[in-house]
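*Asks:* Okay, predicted coordinates and the sequence, questions at the end:
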Amino acid sequence: MGAHVVILGAGVGGQVAAHALRRRLGSGHRITVVERDPQHAFAPSFLWVMTGARTPGQVTSPLAKLLARGVNLHEGEVSAIDVAGRRVETSRGSLEFDFLVVALGAELAADAVPGLSGRSHSYYSLEGATRLKPALDALGNGAKVAVLVAGLPYKCPGAPHEGAMLIADYLRRRRRIDVSVDLFTPEPQPLPVAGPALGGAVAAMLQSRGVGFHPLHKVASIADRVLAFDNGASVPFDLLVAIPPHRSPSVVRTSGLANEAGWISVDRRTLETRAEGVLAIGDITAVQIPGRWKPDVPLLLPKAGVFAHAEALVAAERVAAAALGQPCDTTFCGDGFCMLEAGGGAAGVAYGDFFAEPAPEVRVRDIGAAWHLGKVLFEQWWLSPQGARRAVLGAALRAGSRLTGVPVRL
């Protein structure tokens, strides 16, 4: 009798793991994905929904169409993870497993900052991005837009910078006069884990797009259209666009798998948790990487879809090998990349080895239209059902990866 692999969550990591497992394991093994939302939304495209370049319908697809044949979809909310009993409880019943892959991601927690909920917009959800566009359209000349990183950590570390640049570009194209766009973050520089070279490059991108950048600004409270920071500064705004604080789902925090911060610590090479046969991937994990600013203080791998994707391929290979009773030396190497939309049909790209010693090694390429087109190509590949079109798009992405040296694994 074959193994039953249960995957919790059908975001980037969950889908990639399911497809890879289905390719690796025969039909005698069952693969079940548990997901509460039958409609998949491609989060990197929410920025384009915000600016009207996409409609919500263009960045969503029924999950059943995206999953590979032979992958079972269990629509329901995960309510408990019983590691010792090898069982998961959902809103639609229990599932027993031989192997478990936790890919439940991170939740937005706007209630963690006083005054944030109800006073801000956000493009970190499809609904939020959809509501933000008319709010941008309603701005008049001289308006002040504040883009706020409201807490750490947060997923997709390039998104605050992309969002600020796209908002500035959008308002400029709508001929708004004397509008200001400012980005506030508690971090010391853009994408600090990637080092000073990348931080400087992104800061220059922001400046070239007319975005004010304000590091070391940790928000304390929000009231009457004024941001108050713990450094004593206060800033008025007409429109607040926030990246809300993130937290892990409660079902993870009560599972016995989470650390004190609520995330799941894993072996960074194998993605294994402390529970046998249970792996975790993507935003729900805490993956230590070498310290950059203080060598004896390790950093955490950024929460980003590109890492969830790569981790899922490794987790699938390791689970499949265990199910088949085979040895496995496949490990996660820490490679990753990030494309930053800058507006005007252009983007920048950074990529590198985040496990490099003594500190992550990241390269930066100049802004250009090719990186924007690459991001569009990836979006179209991701939202295409399994079949010929997806295969052609995947071949194009692999060719681009070989040509540019940017590590893309599908």
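*Replies:* Done, it's in.
*Asks:* From now on I want contacts and neighbour counts done on CA atoms only, so please keep to that.
*Replies:* Will do.
*Asks:* Enumerate every residue touching the closest residue in space to residue 81 that isn't next to it in sequence.
*Replies:* Nearest non-adjacent residue to residue 81, counting by CA to CA, 6 or more residues apart in numbering: residue 88, 4.7 Å away. Contacts here follow CA atoms under 8 Å, 6 or more residues apart in numbering; on that basis residue 88 touches 78, 79, 80, 81, 82, 94, 95, 96, 97.
*Asks:* how about those residues, which pair is most distant?
*Replies:* 79 and 97 (15.3 Å; CA to CA).
*Asks:* Which one of these two is surrounded by more residues?
*Replies:* Counted by other CA atoms under 10 Å, residue 79 and residue 97 do not tie: residue 97 has more neighbours, with 22 against 18.
*Asks:* Go ahead and confirm the more buried one touches residue 2.
*Replies:* No: if you go by CA atoms under 8 Å, residue 97 and residue 2 don't touch, sitting 11.2 Å apart.
*Asks:* My reading is that the residue nearest to residue 81 is in a helix; is that accurate?
*Replies:* No: looking at residue 88 with DSSP: H, G, I helix; E, B strand; the rest coil, it is strand, so not inside a helix.
*Asks:* Tell me what it is bridged to.
*Replies:* According to DSSP bridges, residue 81, residue 95 are recorded as the beta-bridge partners of residue 88.
*Asks:* any idea how far residue 5 is from it?
*Replies:* 12 Å (CA to CA, to the nearest Å).
*Asks:* Could you name every residue contacting both of the two?
*Replies:* residue 97.
*Asks:* The residue sitting nearest the centre point of the chain - nearest residue in space that isn't next to it in sequence?
*Replies:* Centroid check for the chain by CA atoms, centre = their mean gives residue 304 as the closest residue, at 3.6 Å. Counting by CA to CA, 6+ apart, residue 156 is the residue found nearest to residue 304 once chain neighbours are left out, at 4.6 Å.
*Asks:* For the one you found, the count of nearby residues, please.
*Replies:* For residue 156, the count of nearby residues is 18 (other CA under 10 Å).
*Asks:* What residues does it make contact with?
*Replies:* Residues near residue 156 by CA under 8 Å, 6+ apart: 302, 303, 304, 305.
*Asks:* Looking at neighbours, which among those residues is most surrounded?
*Replies:* For the contacts of residue 156, the largest number of neighbours (other CA under 10 Å) sits with residue 302, at 26 neighbours.
*Asks:* Surely it and residue 155 touch.
*Replies:* Yes: between residue 302 and residue 155 there is a contact under CA under 8 Å: 7.0 Å.
*Asks:* which outside residues touch the lengthiest helix in the chain?
*Replies:* Criterion DSSP state H: the longest helix present in the chain is helix 305-324. Contacting residues not belonging to helix 305-324 are listed as 2-3, 12-14, 16-18, 20-21, 24-25, 99, 101, 156, 270-271, 277, 279, 281-283, 327-328, 330-332, 334-338, 409-410 [CA under 8 Å, 6+ apart].
*Asks:* Determine the number of other residues adjacent to residue 129.
*Replies:* Using other CA under 10 Å, residue 129 has 23 other residues around it.
*Asks:* Now it: closest residue in space, sequence neighbours ignored.
*Replies:* Residue 129 sits nearest to residue 123 (CA to CA, 6+ apart), 4.1 Å away.
*Asks:* And the strands in the stretch 51-200 of the chain, which stretches?
*Replies:* Listed in chain order, the strands of the stretch 51-200 of the chain (DSSP state E, counting those that start in this stretch) span 60-62, 72-75, 78-82, 87-90, 93-96, 99-102, 107-108, 144-149, 180-184.
*Asks:* looking at the ones you listed, which is closest to residue 223?
*Replies:* For residue 223, the closest of the strands of the stretch 51-200 of the chain is strand 144-149, at 13.6 Å, according to CA to CA.
*Asks:* hang on, the earlier thing: of the contacts of residue 156, which is the nearest to residue 373?
*Replies:* Using CA to CA, residue 305 is the member of the contacts of residue 156 that lies nearest residue 373, at 18.2 Å.
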